[in-house]
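Chemist: Mind folding the following:
(2 chains)
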Amino acid sequence: MEPQLIKYLEEHWNKDLASKLQFSIVPKDKGGDLAVNFFALTKALGKNPLEIGSEVQKALEVCPLVEKSQMVGPYLNLYLVADQFFQDVLETPIEGKILKGKTIMVEYSGPNTNKPLHLGHMRNHALGISLCALFEAAGAKVHRVNILNDKGLALAKSMLAYDHFGEGKTPESEGIKPDLFAGNWYVRYDLESKKNPELEKELPEIMRKWEAGDPYWQGLWKKMTDWVLAGVRQTYQRQGVWFDKEYRESAHYERGREFAYEGLKKGVFQQKEDGSIYIDLKDLDMGEKTVLRSDGTAIYLTQDLSLWPIRKKDFGHIDEMIHVVGDEQDYYFKTVFESLRKLDLAGDTKFTFYGYGLVNLPTGRMKSREGTVVDADNLMDELAAAAAEKLAEQGKFNAEETHATSEQVMNAAWKFFLLKTSPTKSITFDAQKSVDFQGDSGPYLQYAGVRIKSIFEKAGFDLKTGLESRPVLADLEFTEAEKPLGVKILQWPHVLERAAENENPTFIVTYLLELAQAWSSFYGQSSILNAENEALKKARLALAAKTYHVLEKGLAILGIEIPEKM
RNA sequence: GUCUCCGUAGUUCAAUGGAUAGAACGGCGCCCUUCUAAGGCGAAGAUCUAGGUUCAAUUCCUAGCGGGGAUACCA
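Modeler: Numbers count the residues shown, from 1 in each chain, chains lettered A, B, ... in the order given. Presented below is the predicted three-dimensional model:
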């Protein structure tokens, strides 16, 4: 609607300045459907908002789009001609194009292969899933990548414990999820090393043998990482996490060493007397960062640096590389990015550290040592059980439906909870509250969608075909009752654009809540199937279908599905 | 010390420099012989402090106060 208004005003008011007008939402109960403000033009015209407003108001007097207009304070509130308004509503695009032509790589999850996923990963996943879907909805090409941290001291500890006490047990023989099984040996190491501090001394030897390719330790390593990965992948699938490509640290860390020597030869890295190699970032106030230890082994930074060229080779040009990681790694990633720049590897790629705040518990910070880490699978089970209980009360589901739906509701619950707060803020995850589906919640949004679906089922045709056979506006008759919901729908493209530009799914969450509220309020006040006349009924069905499609898209961006029933 | 993120109703969160700061939970009052009450309607309730920039500041700047986090040959 704005483009048509601007076009009209360019012709009938001011050719150069009309496009600078700012449109905004009319606050509740202010009257009007769309507001125009003139703050940006006060200097250019040397007039105050009221003067400009009345000029514009005059120009719009005979505009076919505007029923009437009214100055309220510095704003000109427009009452739009219903036909035009609702045509715009029904034609609101679901997809955006602001990122069209852009290629974005998103790295997320980054599990350690020594234990199961926990609550912290869930925030990472909620953000990773939604960022990727958001960019795609805004027109970008997205590559989802993962880095599996499958080597290191932690894994050596697990191997040691299994080697000493494993007795050949397997996840199958014990009947537990393989990542949990493997993770238990990591816990076991902690326990045993407290009893017997001597154990710790065996670790360097294990690491050395593993790196040297010793068949026994390589075999055990493969067995244990495979267990963890098998379990982690089960969890990924349950959560809707997937990747175009997974990179294993173990597969390319060797390359890091060559990489360090190459850099030294080129003169971008320096060497110390003890043989260690470092990159000088003092000019950027970041000190010196070691890239190769004095004993010649690579560190994680080196692995990260050497991974980038591999990724570029795999995927070609990338406009933006986003790392979704906890914000405590801020400094670390700054050094990675600066190093890539110094190495002249960054090209024109924009590197983004997407840091998110910690997920705390009401009792404080999660600490693996204190056993306060919330396991992802357990949490999801808990949520799914709560959902299943609620569904059972409805009494219209068989066991299979209950399971499928409770999984959908479970995913909606935690994803919503972890996305409704801005990424930069830390979250206190209250398990009790997340199980409570009252009010602002993922299930609330699903419920709104389910109620729309239900209406269409009752009306005897499904939503998809309802969309394809686009309603003819002439057959429809809208009233003021539909306006607030229409206004909300019109905002969608702007919200999508802003969320994509700011790389912030929280904007989508907030919007969907408002949309669902507008829908529920409309639903509560106006009957659709029993509307006063056929034209109004058709109009309301068309509006309901539109609402559904925006809601469905928005929820899909958050990684949330709308169940058939609930 | 330095860097960084954060500070909004009793609580958990929103708010692209613009209208009366939006929700939800909790507490209060309503609404199920009418499309699913996991819902709707109504009333109460908030910007850490002090300066500054601006016609306009929750938002930007400076200084405090309070809380996370980072400052490794860990990741």
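Chemist: what separates whatever residue of the stretch 301-450 of chain A ends up closest to RNA strand B from A:Leu65, distance-wise?
Modeler: Among the residues of the stretch 301-450 of chain A, A:Gly439 lies closest to RNA strand B, at 2.1 Å counting by C-beta to the nearest atom of the strand. Bear in mind the C-beta positions are built from the backbone N, C-alpha and C, glycine included. Remark: distance between A:Gly439 and A:Leu65 (C-beta to C-beta, to the nearest Å) = 38 Å.
Chemist: Between those two, which is the more surrounded one?
Modeler: Taking neighbours as other C-beta atoms under 10 Å, A:Gly439 and A:Leu65 compare with A:Leu65 leading, 18 against 9.
Chemist: and the spatially closest residue to the more buried one that is not a sequence neighbour, how many neighbours?
Modeler: In this structure, A:Leu65 finds its nearest non-sequential neighbour in A:Gln84, 5.1 Å apart by C-beta to C-beta, 6 or more residues apart in numbering. Applying other C-beta under 10 Å, we find 17 residues neighbouring A:Gln84.
Chemist: what's A:Gln84 sitting at in phi/psi?
Modeler: Phi and psi for A:Gln84, reported as degrees, to the nearest 10, are phi -60, psi -50.
Chemist: Contact partners for A:Lys47?
Modeler: A:Leu41 (C-beta atoms under 8 Å, 6 or more residues apart in numbering).
Chemist: Show me which residues of the stretch 251-400 of chain A are close to RNA strand B?
Modeler: A:272, A:274, A:276, A:287-290, A:293-295, A:299-301, A:327-332, A:357-358, A:365, A:387, A:390-391, A:394 (C-beta under 7 Å from any atom of the strand).
Chemist: And for the stretch 51-200 of chain A?
Modeler: A:72-75, A:77, A:149, A:152-153.
Chemist: Past the least confident helix or strand in chain A by mean pLDDT, which element shows up next along the chain?
Modeler: Every helix and strand of chain A was ranked by mean pLDDT, DSSP states H and E. The lowest is helix A:463-468, at a mean of 58. Sequence-wise, the next helix or strand downstream of helix A:463-468 (DSSP states H and E) is helix A:483-502.
Chemist: ok, and for that following helix, which residues are buried?
Modeler: For helix A:483-502, burial by neighbour count (16 or more other C-beta atoms under 10 Å) applies to A:483-493, A:495-497, A:499-500.
Chemist: any idea which of those residues is closest to A:Ser193?
Modeler: A:Ala499 (47.2 Å; C-beta to C-beta).
Chemist: Check the closest one and give its pLDDT.
Modeler: A:Ala499 is assigned 96 on the pLDDT scale.
Chemist: just A:Asp29 next, same as before
Modeler: So A:Asp29 comes in at 69 (pLDDT).
Chemist: Helix, strand or coil: sort out A:Gly247 for me.
Modeler: Check again: residue A:247 is Tyr, not Gly. Here A:Tyr247 is recorded as strand under DSSP: H, G, I helix; E, B strand; the rest coil.
Chemist: what's near enough to touch it?
Modeler: Shown in contact with A:Tyr247 (C-beta under 8 Å, 6+ apart): A:145-148, A:307, A:310-311.
Chemist: Name the helix or strand for the spatially most central residue of chain A, please.
Modeler: By C-alpha atoms, centre = their mean, the mean C-alpha position of chain A lies nearest to A:Ser130, the distance being 2.5 Å. Assigning secondary structure by DSSP H and E places A:Ser130 in helix A:119-137.
Chemist: quick check: angle from that helix to helix A:483-502?
Modeler: 100 degrees (axes from the mean of the first three to the mean of the last three C-alpha atoms, to 10 degrees).
Chemist: next one: helix A:119-137 to chain centre, how far?
Modeler: Offset of helix A:119-137 from its chain centre (C-alpha atoms, centre = their mean, to the nearest Å): 3 Å.
Chemist: which residues of chain A fall in strands?
Modeler: Using DSSP state E, the strands of chain A run over A:22-24, A:34-37, A:66-72, A:75-80, A:103-107, A:141-148, A:245-248, A:270-271, A:277-280, A:288-292, A:320-326, A:350-356, A:359-360, A:427-428.
Chemist: mind putting the ones you listed in JSON lines, mean pLDDT included?
Modeler: Formatted as JSON lines, the strands of chain A follow (pLDDT from 0 to 100):
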{"stretch": "strand A:22-24", "mean pLDDT": "85"}
{"stretch": "strand A:34-37", "mean pLDDT": "88"}
{"stretch": "strand A:66-72", "mean pLDDT": "89"}
{"stretch": "strand A:75-80", "mean pLDDT": "90"}
{"stretch": "strand A:103-107", "mean pLDDT": "98"}
{"stretch": "strand A:141-148", "mean pLDDT": "97"}
{"stretch": "strand A:245-248", "mean pLDDT": "96"}
{"stretch": "strand A:270-271", "mean pLDDT": "92"}
{"stretch": "strand A:277-280", "mean pLDDT": "91"}
{"stretch": "strand A:288-292", "mean pLDDT": "90"}
{"stretch": "strand A:320-326", "mean pLDDT": "96"}
{"stretch": "strand A:350-356", "mean pLDDT": "95"}
{"stretch": "strand A:359-360", "mean pLDDT": "90"}
{"stretch": "strand A:427-428", "mean pLDDT": "90"}
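Chemist: Make JSON lines out of the ones you listed and add distance to A:Phe522.
Modeler: Shown next, in JSON lines, are those (distance: least, C-beta to C-beta, whole Å):
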{"stretch": "strand A:22-24", "distance to A:Phe522": "22"}
{"stretch": "strand A:34-37", "distance to A:Phe522": "19"}
{"stretch": "strand A:66-72", "distance to A:Phe522": "21"}
{"stretch": "strand A:75-80", "distance to A:Phe522": "18"}
{"stretch": "strand A:103-107", "distance to A:Phe522": "36"}
{"stretch": "strand A:141-148", "distance to A:Phe522": "34"}
{"stretch": "strand A:245-248", "distance to A:Phe522": "45"}
{"stretch": "strand A:270-271", "distance to A:Phe522": "67"}
{"stretch": "strand A:277-280", "distance to A:Phe522": "60"}
{"stretch": "strand A:288-292", "distance to A:Phe522": "57"}
{"stretch": "strand A:320-326", "distance to A:Phe522": "37"}
{"stretch": "strand A:350-356", "distance to A:Phe522": "35"}
{"stretch": "strand A:359-360", "distance to A:Phe522": "36"}
{"stretch": "strand A:427-428", "distance to A:Phe522": "32"}
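Chemist: Looking at these, which is nearest to A:Phe461?
Modeler: Short answer: strand A:75-80, nearest of these by C-beta to C-beta, at 29.5 Å.
Chemist: The closest one pairs with which strands?
Modeler: Partners of strand A:75-80 in the sheet, by DSSP bridges, are strand A:34-37 (antiparallel), strand A:66-72 (antiparallel).
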